[in-house]
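# okay, here's the prediction I keep looking at, along with the sequence it came from:
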Amino acid sequence: MNARLADRLATVFFWLGAVIIILLLAALVGYLLFQGGRWLDPGFITRPPENLKAGGGVGPQLFNSFYLLFLAMLFTIPLGVGAGIYLVEYAGKGDYNPAQDLPQGKKATAFLLGVINLSVETLASLPSIVVGLFGLLAFVVATGWGYSLLAGALALTVLNLPVMVRISQEALQTVSGDLKEASLALGASRWETIWKIVLPAAFPGLVTGAIITAGRVFGEAAALLYTAGMSSPMLDFGDWNPLHPNSPLNPFRPAATLAVHIWKINSEALIPDIRRVADGSAALLIIVVLVFNLLARWFGRYLYRRMTAS
Amino acid sequence: MRRGTGPMTAARRRQLYREYVGKSLTFVCAATLIGITAAIVVFIAMQGLSTFVVNHIDPWRFLFSTAWQPDLPHEEGGPLVGTLAFTIGSVSVSLLAVLIGGPLSVVAAVFMVEIAPAWGQRLLQPAIEILAGIPSVVYGWIGLSVLVPFLRARLHTLGFSLLAGCLVLAIMIIPTVVSLSADSLRALSRDLKEAAYALGSTRWQTISRVLLPAAGPGILTAIVLGLARAFGEALAVQMVIGNTRSIPTSILSPMTTLTSAITMDMGYTIPGTPWNNALWSMSLLLLLITFGFIILIRLIGRRRAYR
């Protein structure tokens, strides 16, 4: 076989691979939207689920998913961005002065950096079920909260933190060194430079990254089964006092999310219309994931254009 | 500049104070990462070791026996908590998934970087991102409602099988492997490609003899990470593999994995019983395997010659 023919064949082969993946995605998303989209009406989205009869909705589950996501991001974003700032701006270099610093000092920071990186790597590759079990021990049993939104949010934070740290690192690293040096040369301290120069410049990247991670944990279930629980109390959507047990905002109540609900009705539910509820919930999840993806792209581009005036 | 030179004004003092607070706060955030990791290891290890410390199970038999009767009373020789069937299930389903999904992903990554960068960037990249965003229960649900009935009708078997599990996982690992392989291909210096073309190579020769070998360690890392993801996936697998506690004899037989056994039984067993403790030991095993994957990736990373 001559080289040119082999090249042609290989090109066809590579095209084939790419086309298979695109078709797979189109088939998956198309099937889910078509199959589940039929059931998406205002009633399905707002009604509470039924235990035995057909016709239940996923209202509380949908609310729980968003509320849990909100709580989780409340912890994840500050911690992740903070750790990212430390790793990019402080660790390893600091205001290191060769005339003053002892060699051990530098070795110690390098060691610390190694340990932090190993931790991030470990957290990033932990199976989510292990994170969920850790959550069961640390946030459900040890704190005495029981299955609760807060325990679920903390478990999601553990799951999400490594991704957020890496994203913040990337976003902060793209800020040009000239900007920082100009700011430092004008007499600003390192922290002032970070707060007033680096963070605003990295903002579009941080926002895009945060939305993408949000989309990923929105559908998380394995880490939530044994932390946020698989059931919800009767929610009273007229009561928004976070301290009342039936208030939707109470962070200490158990809360099944949409993804957990799909798993639960398939493993133990008695309702006759499992197919309808699961298809509808899956379509809802996909729609939210698609919206998060588009939002991240659009918002990132919008912020970038506004802040760079281009 | 040496610290402490210049007049100490109130503004300067405030600046230094803020600097100190800011640096400490971000350090606390970074240290939290270490704290969480250490806490996970300690908590899971403490629970997981009780099988061996409290229930006096021989670790060797825990790992290499297939006898699983955790509720057998002590008088009859129980409890028997051999997890070999689970481990073999996990290993076989994830290895097969990587065998199917891995090559396809590498092909797509090469396509994205070398064959059609513009087209790949505009269509394939978002497709991969959306594929990565689809929740694992949704993959499981599609497996359960489409793939399993299909296999049942076509092959006249149960449908719940090793095959169903590895097909679902193969699709789930595609985004991980594609994006990481594409990154390592993009990171290659242009010189390599240009030198190959200048020597008269066709595109296929350049890809197969220069670019893929040069990006080899990176691609291998991507595949190992895909394997790790498949190994740790719980719900999607649990929904389609049938969950029978036996070693799979063929690709069509139902089986079980470490993650799916933990997911199914953790809620139904009473804390402190040998059964429950065995589940925690299996979680510890998962944790140790995760560390194994990390070590493997570091070893591969050390071999990277071209950047």
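Happy to help now that I have it.
# I figured A:Asp7 hits B:Arg203, correct?
Yes. The pair A:Asp7 / B:Arg203 is scored as a contact, 5.6 Å apart, by Cβ atoms under 8 Å. C-beta: built from backbone N, CA, C; applies to glycine.
# so who does the closest residue to chain B within the stretch 151-300 of chain A touch?
For the stretch 151-300 of chain A and chain B, the shortest gap (Cβ to the nearest Cβ) falls at A:Gly219, measuring 2.3 Å. Neighbour list for A:Gly219: A:258-259, A:285, A:288-289, B:133-138 [criterion: Cβ atoms under 8 Å, 6 or more residues apart in numbering or on different chains].
# for B:Leu192, give its distance to B:Val210.
The gap separating B:Leu192 from B:Val210 is 6 Å, by Cβ to Cβ, to the nearest Å.
# okay, the two: which has more neighbours?
Taking neighbours as other Cβ atoms under 10 Å in any protein chain shown, B:Leu192 and B:Val210 compare with B:Val210 leading, 19 against 16.
# confidence score at that one?
For B:Val210, the model assigns a pLDDT of 86.
# ok, now the one 10 residues further on?
For B:Leu220, the pLDDT comes out at 91.
# ditto for B:Ala170
At B:Ala170, the pLDDT value in this model is 92.
# didn't it look like it was pressed against B:Leu95?
No. In this structure, B:Ala170 is not within contact of B:Leu95 by Cβ under 8 Å, at 11.0 Å.
# of the two, which one has the most company?
In this view B:Ala170 and B:Leu95 are compared by other Cβ under 10 Å, and B:Ala170 has more residues nearby, 22 against 15.
# mind listing what the more buried one touches?
Contacts here follow Cβ under 8 Å, 6+ apart; on that basis B:Ala170 touches B:96-98, B:100-101, B:104.
# chain A versus that one, what's the distance?
Distance of B:Ala170 to chain A, given as Cβ to the nearest Cβ, to the nearest Å: 10 Å.
# where's the closest residue to that residue other than its chain neighbours, which helix or strand?
Distances taken as Cβ to Cβ, 6 or more residues apart in numbering or on different chains place B:Gly101 nearest to B:Ala170, at 3.5 Å, with adjacent residues excluded. Assigned by DSSP states H and E, B:Gly101 belongs to helix B:84-110.
# now the element after the lowest-mean-pLDDT helix or strand in chain A, going C-ward?
Ranked by mean pLDDT, DSSP states H and E, the weakest helix or strand in chain A is helix A:42-46, scoring a mean of 75. Per DSSP H and E, the first helix or strand lying C-terminal to helix A:42-46 is helix A:59-85.
# show me what whichever helix or strand comes after that following helix is packed up against.
As assigned by DSSP H and E, the chain's next helix or strand after helix A:59-85 is helix A:103-125. For helix A:103-125, the contact count by 3 or more Cβ pairs under 8 Å, 6 or more residues apart in numbering or on different chains; DSSP states H and E identifies helix A:149-173, helix B:10-48, helix B:216-232, helix B:274-302 as packing neighbours.
# recalculate using a threshold of 7 Å.
helix A:149-173, helix B:10-48, helix B:274-302 (3 or more Cβ pairs under 7 Å, 6 or more residues apart in numbering or on different chains; DSSP states H and E).
# is any part of the helix or strand hosting A:Arg275 close to chain B?
Secondary-structure element containing A:Arg275, defined by DSSP H and E: helix A:274-308. Yes. Using Cβ under 7 Å from any Cβ of the partner chain, helix A:274-308 reaches chain B at A:275, A:278, A:282, A:285-286, A:289-290, A:293.
# of these, grab the buried ones for PyMOL.
Filtering those down to the buried ones (16 or more other Cβ atoms under 10 Å in any protein chain shown) takes a single PyMOL command:
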select buried, chain A and resi 275+278+282+285+286+289+290+293
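# turn the residues of helix A:274-308 next to chain B into TSV, columns for pLDDT.
Shown next, in TSV, are the residues of helix A:274-308 next to chain B (pLDDT from 0 to 100):
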residue	pLDDT
A:Arg275	79
A:Ala278	82
A:Ala282	87
A:Leu285	88
A:Ile286	89
A:Val289	85
A:Leu290	86
A:Asn293	83
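# tell me which of the residues of helix A:274-308 next to chain B is nearest to A:Leu28?
Proximity of the residues of helix A:274-308 next to chain B to A:Leu28 (Cβ to Cβ) peaks at A:Ile286, which lies at 8.5 Å.
# where's the nearest residue to that closest one once chain neighbours are set aside relative to B:Gly226, distance?
Once flanking residues are discounted, A:Ile286 sits nearest to A:Leu32: 4.9 Å by Cβ to Cβ, 6+ apart. Distance, A:Leu32 to B:Gly226, using Cβ to Cβ: 23 Å.
# and those two? which has more neighbours close in?
Per other Cβ under 10 Å, whichever of A:Leu32 and B:Gly226 has more neighbours is B:Gly226, with 27 against 21.
# next up, the contacts around the more buried one.
Residues in contact with B:Gly226, defined by Cβ atoms under 7 Å, 6 or more residues apart in numbering or on different chains, are B:98, B:101-102, B:173, B:176-177.
# chain A versus the nearest residue to it once chain neighbours are set aside, what's the distance?
Excluding the flanking residues, the one nearest B:Gly226 by Cβ to Cβ, 6+ apart is B:Ile173, at 3.8 Å. According to Cβ to the nearest Cβ, B:Ile173 stands 12 Å off from chain A.
# mind checking pLDDT for B:Ile173?
Looking at B:Ile173, its pLDDT stands at 92.
# and it, what element?
Going by DSSP H and E, B:Ile173 is in helix B:162-186.
# right, and the helix or strand after that helix?
Next along from helix B:162-186, by DSSP H and E: helix B:190-198.
# for the next helix or strand after that following helix, packing partners?
Moving toward the C-terminus from helix B:190-198, the next helix or strand (DSSP H and E) is helix B:203-206. Here helix B:203-206 touches helix A:3-37, helix B:190-198, going by 3+ Cβ pairs under 7 Å, 6+ apart.
# close to chain A, is the very next helix or strand once past helix B:203-206?
Following helix B:203-206 in sequence order, the next helix or strand is helix B:212-214 (DSSP H and E). No. Judged by Cβ under 7 Å from any Cβ, helix B:212-214 makes no contact with chain A; its nearest approach is 11.4 Å.
# now helix B:212-214: buried residues?
In helix B:212-214, counting by 16+ other Cβ under 10 Å, buried: B:212, B:214.
# picking that back up, distance to B:Arg152 and neighbour count added to the contacts of B:Gly226, as JSON lines?
Output for those, formatted as JSON lines (distance: Cβ to Cβ, whole Å; neighbours: other Cβ atoms under 10 Å in any protein chain shown):
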{"residue": "B:Val98", "distance to B:Arg152": "25", "neighbour count": "24"}
{"residue": "B:Gly101", "distance to B:Arg152": "23", "neighbour count": "26"}
{"residue": "B:Gly102", "distance to B:Arg152": "27", "neighbour count": "23"}
{"residue": "B:Ile173", "distance to B:Arg152": "25", "neighbour count": "26"}
{"residue": "B:Thr176", "distance to B:Arg152": "29", "neighbour count": "22"}
{"residue": "B:Val177", "distance to B:Arg152": "29", "neighbour count": "28"}
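# and these as JSON lines, adding distance to B:Arg186?
Below are the contacts of B:Gly226 laid out as JSON lines (distance: Cβ to Cβ, whole Å):
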{"residue": "B:Val98", "distance to B:Arg186": "22"}
{"residue": "B:Gly101", "distance to B:Arg186": "21"}
{"residue": "B:Gly102", "distance to B:Arg186": "19"}
{"residue": "B:Ile173", "distance to B:Arg186": "20"}
{"residue": "B:Thr176", "distance to B:Arg186": "16"}
{"residue": "B:Val177", "distance to B:Arg186": "15"}
